[in-house]
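> Only the shape, not the letters, is given here:
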């Protein structure tokens, strides 16, 4: 936290230092360019240091206008910028339409149906139930219920705490992972169950405080998973870092080299040699993840040389699925829940674009 506050104070101090030293350039036009330069610097930081907490918080602020609620508030702000007597009707109308469309259950349903790919996932689920593949591990992605990063409260799904301090949604994923494990042990397999819970709070001596990790182990062992087969990932903070951490758990230190390239040195210089796209064996795993992010998670794990069988959970269900006739009226009644779901889908799209630009996705459209 001290490092985070220091970084933010340095950025603010830099702004006022420039303003104090060069008062002659204190012109809105020049400071607009200065703002552009700061924005570009933040983008470069996001690519160079993706796990930096300052970048995460600033991204949550900068991406606010790209979300339905943020765009609505900004348009209303512009509409009222000249006072109540000169309200700009076009901006008010645009803000109203954005908020209305984003709050409709039918909008949330269509967006989540596209993101979750229910038909494809159901086909995978039926195939897996009839003939489960031999895998080395069952990987469960956590939901950040004990995140240290304050920005995670903006980025992650807010859920009620369940038993042992872990969220209800994470409990459902753990129970599903235990079911998958028991099904495989009945067929003679004994995979590891790896749960990515992220960094945990430490005491003054630097030792992890008892909390989510113990609750995860207790829940899994109470549903038939031996403690010897449970591994906790306390490093991963997103699908990419979780994939690297899981590979390190399974392969040791050699599992860290996921971005290596091969070059040939010749008399006239050097050139990159074509490779098969792997630096080691592809590890077969089952990936248990929220359905809304299953595409990005599966593609991220595939990118670091896993052979992924996706098993999504936490589907969003709507009355629309039981028939359009019954749902025709309620689907057109705006609700706060629909706005939250729509915002989460939009945020997932933005994050997927970032992953794509970083080259962290094997196939952005894969499930």
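All right, it came through fine. Small disclaimer: the values here were computed from a predicted structure and weren't measured.
> Contacts for stretch 67-74, please.
Residues from elsewhere that reach stretch 67-74 (C-beta atoms under 8 Å, 6 or more residues apart in numbering): 63, 64, 65, 95, 98, 99, 102, 339, 342, 343, 346, 347. In this view, the C-beta of every residue, glycine as well, is placed from N, C-alpha and C.
> Which members of the residues you listed define the maximum pairwise distance?
Between any two of the contacts of stretch 67-74, the greatest separation by C-beta to C-beta is 19.4 Å, found for 95 and 347.
> thinking again about what came up before, pick the one among the contacts of stretch 67-74 closest to residue 137.
Nearest to residue 137 among the contacts of stretch 67-74 is residue 347, at 28.2 Å by C-beta to C-beta.
> quick one: the helices in the protein?
In the chain, the helices defined using DSSP state H lie at 2-21, 28-48, 53-62, 68-79, 89-102, 105-116, 118-130, 152-155, 168-185, 212-221, 239-251, 294-303, 324-327, 336-358.
> Run through the neighbouring helices and strands of the last one.
Think helix 336-358. helix 28-48, helix 68-79, helix 89-102, helix 105-116, helix 239-251, helix 294-303 (3 or more C-beta pairs under 8 Å, 6 or more residues apart in numbering; DSSP states H and E).
> Make a PyMOL selection of the buried ones in the contacts of stretch 67-74.
A single PyMOL command suffices to select whichever of the contacts of stretch 67-74 are buried according to 16 or more other C-beta atoms under 10 Å:
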select buried, resi 63+95+98+99+102+339+342+343+346+347
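> Pipe the contacts of stretch 67-74 into a markdown table and attach pLDDT and distance to residue 136 per row.
Formatted as a markdown table, the contacts of stretch 67-74 follow (pLDDT from 0 to 100; distance: C-beta to C-beta, whole Å):
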| residue | pLDDT | distance to residue 136 |
| --- | --- | --- |
| 63 | 75 | 36 |
| 64 | 79 | 41 |
| 65 | 81 | 43 |
| 95 | 88 | 51 |
| 98 | 91 | 46 |
| 99 | 91 | 47 |
| 102 | 91 | 42 |
| 339 | 91 | 41 |
| 342 | 91 | 37 |
| 343 | 91 | 36 |
| 346 | 90 | 35 |
| 347 | 89 | 32 |
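> Could you export the contacts of stretch 67-74 as JSON lines, including distance to residue 355?
Converted to JSON lines, these look like this (distance: C-beta to C-beta, whole Å):
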{"residue": "63", "distance to residue 355": "14"}
{"residue": "64", "distance to residue 355": "20"}
{"residue": "65", "distance to residue 355": "21"}
{"residue": "95", "distance to residue 355": "30"}
{"residue": "98", "distance to residue 355": "26"}
{"residue": "99", "distance to residue 355": "28"}
{"residue": "102", "distance to residue 355": "23"}
{"residue": "339", "distance to residue 355": "25"}
{"residue": "342", "distance to residue 355": "21"}
{"residue": "343", "distance to residue 355": "19"}
{"residue": "346", "distance to residue 355": "15"}
{"residue": "347", "distance to residue 355": "13"}
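> Return the closest of the contacts of stretch 67-74 with respect to residue 306.
residue 347 (24.6 Å).
> distance of the closest one from residue 308?
Applying C-beta to C-beta, to the nearest Å, the value for residue 347 to residue 308 is 23 Å.
> ok, residue 240 touching residue 355?
Yes: under the criterion of C-beta atoms under 8 Å, residue 240 makes contact with residue 355 at 7.0 Å.
> what touches both of these two?
residue 300.
> winner for burial among the helices of the chain?
helix 294-303 (a mean of 24; mean count of other C-beta atoms under 10 Å).
> got the angle for that helix vs helix 336-358?
Helix 294-303 runs at 20 degrees relative to helix 336-358, counting by axes from the mean of the first three to the mean of the last three C-alpha atoms, to 10 degrees.
> helices and strands around helix 294-303, which ones?
Applying 3+ C-beta pairs under 8 Å, 6+ apart, we find helix 294-303 packed against helix 239-251, strand 283-290, strand 306-313, helix 336-358.
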